[in-house]
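*Asks:* Sequence isn't available, so here's the structure alone:
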């Protein structure tokens, strides 16, 4: 199941990378980099840090999906895309939750402690967008869009406590997704100290 | 002994990450990231580059210390902190020297050459602060605060020459600490070409 | 043969790092960092990602070459250097092509797929300059100088298709070099979407 949600996440993240690249007036290569980095960067960081083979370099599927998004994006002028689009929001939320879970599982399997699990969950979910924002010299969205990263941390925490099994994963998946959507709709923010 | 100085360093770096985060008006999550990244980021980079298990992901103590600093920081409004505070300066200098030594030792044990030892010493000591500054989109302090990084390089150089043994480490520790404090008090700067 | 072209590339990249550092008014340490990072950063990233021993930390030669460039740069006031200088252009192009080939070969030997090979080729060739630009808080040149990175991608693609053998490597080397020089002279640009 996680593979399907992972692909949905990769699509959502690739779209966001594509649109951000075009809006920053990058050339074709720049947009290509932005698309791939946003979609696959988090997973690459996860695997380098956990010291396991890099998933998207040994499996062809993720890269192909991103490349298709890139082509479709050019043909259908995806950059006129509205980020408040409901479908995009749901896709993006699925990506956030799915990537957080995959990061947590890799960390738990690597016998990381609670801080390591949270770190890897977070990096997997938001690392791609962070790398893109650093590249185009913006303050990363994660430091400004408040509730987004918190959900990744919460997921890691719950998985660390309850352990990896199918029921836990499905429950956390649904919980994370609902929380993200409510947070978005209600405009929840974290306090500033 | 190095473990004690390491903890002192982690405390100092966590405080600086916390204060910088608050001053940049990051929200609660952003401040948390800034605190952890500044304190533990250098060590994580060190272990990933040297390809050894990540210390702060397999030992719970460093993360707990950082988390305590974060909580205490909020309760005691640590952001009103004066960075020219004498205690902070001494703590921070101990961190710089201690992290440089631990980076050098890991590099020497990995049989890196002189450039690798200097690189790892430097990355361990200033990598956390660098990552934080990149994230909040500032020119890293290390490129502006001149003498700070030089001490890390000097320590790596001396350890590479004289080898790892207790007397050497203690001597270099004291030398580095004194040099850092004198440099600060006298306002030593490196020349601009 | 690749070792000679690698050294030429390291020299060219070290010069560019040195000049950029001085022009940004970094102090002596900052210029040193900029010089080393630009020249060796791409290779370090390559080896960390491919999980192999870091070449410039186990062989003394690359670091020595960079250090010599740094010393010569100070003595001969290399920062008055004209980047449109023909010699520099040719050196820099040799570096681009040589680093792209070495990155591709490492990736192919690590059994990466096509996306992994392109990624590693690209990171090896432009990663050093990217790190430097991120550090000094600029939008990386690679997102603005259009045709540069494309050549790295093309080289990776061709090597992946035709496999690693001497004739292929030499042919791709010459092709990449000519293409880069023509692109520069003709001012080829990639389209903006």
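*Replies:* Right, received. Where do you want to start? The structure displayed is predicted, hence computed values, not measured ones.
*Asks:* So residue A:164 sits against residue A:106, correct?
*Replies:* No - Residue A:164 sits out of contact with residue A:106 when judged by Cβ atoms under 8 Å, with a separation of 10.5 Å. Where you see a C-beta, it was placed from the backbone N, CA and C, and this is true even at glycine.
*Asks:* who has more neighbours, the two?
*Replies:* When residue A:164 is set against residue A:106 and neighbours are counted by other Cβ atoms under 10 Å in any protein chain shown, the residue ahead is residue A:106, at 21 against 13.
*Asks:* Does that one touch residue A:53 like I think?
*Replies:* No - because the distance of 11.4 Å does not satisfy Cβ under 8 Å, residue A:106 is recorded as not touching residue A:53.
*Asks:* hey, what's in contact with both of the two?
*Replies:* Contact criterion Cβ atoms under 8 Å, 6 or more residues apart in numbering or on different chains; residues bridging residue A:106 and residue A:53 by contacting each: residue A:47.
*Asks:* Quick check: the closest residue to chain B within chain A vs chain C, distance?
*Replies:* Of all residues in chain A, residue A:116 sits closest to chain B, at 3.0 Å by Cβ to the nearest Cβ. Here the distance between residue A:116 and chain C works out to 18 Å (Cβ to the nearest Cβ, to the nearest Å).
*Asks:* ok, that residue - contacts?
*Replies:* Applying Cβ under 8 Å, 6+ apart as the definition, the contact partners of residue A:116 turn out to be A:107, A:110, B:54, B:56-58.
*Asks:* JSON lines for these, including distance to chain C?
*Replies:* Compiled in JSON lines, the contacts of residue A:116 are given as follows (distance: Cβ to the nearest Cβ, whole Å):
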{"residue": "A:107", "distance to chain C": "18"}
{"residue": "A:110", "distance to chain C": "14"}
{"residue": "B:54", "distance to chain C": "13"}
{"residue": "B:56", "distance to chain C": "18"}
{"residue": "B:57", "distance to chain C": "17"}
{"residue": "B:58", "distance to chain C": "19"}
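*Asks:* Let's see if you can find the most crowded of those.
*Replies:* For these, neighbours tallied by other Cβ under 10 Å; top is residue A:107, 28 neighbours.
*Asks:* Distance check, it against residue B:132.
*Replies:* Distance check for residue A:107 against residue B:132: by Cβ to Cβ, to the nearest Å, it reads 22 Å.
*Asks:* Can you pull the residues of chain A lying near chain B?
*Replies:* With Cβ under 8 Å from any Cβ of the partner chain as the criterion, chain A meets chain B at residues A:48-49, A:51, A:107, A:110-116, A:119, A:130, A:134, A:137-140, A:142-144, A:146, A:149-150, A:153, A:189-193.
*Asks:* Apply 7 Å and report the result again.
*Replies:* In this structure, chain A approaches chain B at residues A:48-49, A:51, A:112-113, A:115-116, A:134, A:137-140, A:143, A:146, A:149-150, A:189-193, judged by Cβ under 7 Å from any Cβ of the partner chain.
*Asks:* Looking at the residues you listed, which are in strands?
*Replies:* The members of the residues of chain A next to chain B all map outside strands under DSSP state E.
*Asks:* re earlier: a markdown table please, covering the contacts of residue A:116 and showing pLDDT and secondary structure.
*Replies:* Formatted as a markdown table, the entries for these read as follows, by pLDDT from 0 to 100; DSSP: H, G, I helix; E, B strand; the rest coil:
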| residue | pLDDT | secondary structure |
| --- | --- | --- |
| A:107 | 96 | helix |
| A:110 | 94 | coil |
| B:54 | 95 | coil |
| B:56 | 94 | helix |
| B:57 | 95 | helix |
| B:58 | 94 | helix |
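*Asks:* ok, so of those residues, who is nearest residue A:62?
*Replies:* Sorting those by how near they are to residue A:62, with Cβ to Cβ, puts residue A:107 at the top with 19.6 Å.
*Asks:* hang on, residue A:136 packs against residue A:25?
*Replies:* No - between residue A:136 and residue A:25 there is no contact, the gap being 10.1 Å when judged by Cβ atoms under 7 Å.
*Asks:* Span of stretch A:157-177 from start to end?
*Replies:* Between the opening and closing residues of stretch A:157-177 lies a distance of 15 Å (Cα to Cα, to the nearest Å).
*Asks:* Can you give the distance from it to the centre of its chain?
*Replies:* Put simply, stretch A:157-177 sits 17 Å off its chain's centre (Cα atoms, centre = their mean, to the nearest Å).
*Asks:* Ok, stretch A:9-23 next?
*Replies:* Stretch A:9-23 has its average C-alpha position 11 Å from the chain's average C-alpha position, going by Cα atoms, centre = their mean.
*Asks:* Just the buried positions in that stretch, please.
*Replies:* Within stretch A:9-23, the residues that qualify as buried by neighbour count (16 or more other Cβ atoms under 10 Å in any protein chain shown) are A:9-22.
*Asks:* Stretch A:162-174 now?
*Replies:* So for stretch A:162-174, counting by 16+ other Cβ under 10 Å, buried means A:169, A:172-173.
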